[in-house]
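Student: Could you work out the structure for the sequence below:
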Amino acid sequence: MAGWVKRMVGAAKLDAATYEEVESDAGATWQALGVVVLSALCAAVGGAIQGGESGFVGGLLSSLAAWVVWAVLTWVVGTMFLPGPGTRSDVGELLRTLGFAQSPGVFRVFTGIPLVGWLINLAIWGWTLAAMVVAVRAALDYTSTGRAIAVCLISGLIAFLVGFITATAMVALLGRAVGG
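Tutor: Okay, here's the model as predicted:
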């Protein structure tokens, strides 16, 4: 447990050595999954503060779904469309580093605070994006931080659009089901 927490702290500090360590440790896969789930649970608690039970469920499910979509898109963009000359990675390496990049998400418990919760959430998203850049650079063996930034921004934008379209469709379907 102490090693897991130490890795989470290192990941949150954007320590490249922590990401390199996690990348090469196949045994850290469950730890990375634990970080993703813990971050999602913290988002759920933050959502519950303002939205009650539906805020909890929405926070939990949207956090998990967003991470999965963003992680898959990051792998596709980073390995197929923008690989570097030394890019050699498997899905496990990337998922482990991206899992630990969710470490700042533990602060999502504070996103339900009235008036400032949205600012806290915005700061956490920025912090998580920075962590993902470090994670991608380590996992995909990039020599350029710019390439890692591009991969994270492209995959993040696509993930956002997928989420927005899905949420819009769900609202429309629910509206029809309730109204019709």
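Student: Which residue lies closest in space to the most centrally placed residue in the chain, excluding its sequence neighbours?
Tutor: The geometric centre of the chain, computed from its C-alpha atoms, lies nearest to Trp67 (Cα atoms, centre = their mean), at 4.4 Å. Excluding its sequence neighbours, the residue lying closest to Trp67 (Cβ to Cβ, 6 or more residues apart in numbering) is Val36, at 5.5 Å. Where you see a C-beta, it was placed from the backbone N, CA and C, and this is true even at glycine.
Student: Least confident secondary structure element in this structure?
Tutor: Ranked by mean pLDDT, DSSP states H and E, the helix or strand of the chain with the weakest confidence is helix 145-179, at a mean of 83.
Student: Okay, now the unreliable bits of this structure?
Tutor: Flagging of the chain using pLDDT under 70 yields the residue ranges 1-2, 170-171, 174-175, 178-180.
Student: Give me the distance between the one helix or strand the residue nearest to Trp67 maps to and the centre of its chain.
Tutor: Using DSSP states H and E, Val36 maps to helix 29-76. In terms of Cα atoms, centre = their mean, to the nearest Å, the centre of helix 29-76 is found 8 Å from the chain centre.
Student: Past that helix, which element shows up next along the chain?
Tutor: Assigned by DSSP H and E, the successor of helix 29-76 is helix 91-100.
Student: List the buried residues of that following helix.
Tutor: Residues of helix 91-100 classed as buried by neighbour count (16 or more other Cβ atoms under 10 Å): 93-100.
Student: follow-up on the earlier one: which secondary structure elements does the least confident helix or strand of the chain contact?
Tutor: On a contact count with 3 or more Cβ pairs under 8 Å, 6 or more residues apart in numbering; DSSP states H and E, helix 145-179 meets helix 29-76, helix 117-139.
Student: Tell me which of the ones you listed lies nearest to Ala172.
Tutor: Closest to Ala172 of the helices and strands packed on helix 145-179 is helix 29-76 (Cβ to Cβ; 16.8 Å).
Student: helices or strands next to the closest one in the packing?
Tutor: Right, helix 29-76 is packed against helix 2-12, helix 91-100, helix 117-139, helix 145-179 by 3+ Cβ pairs under 8 Å, 6+ apart.
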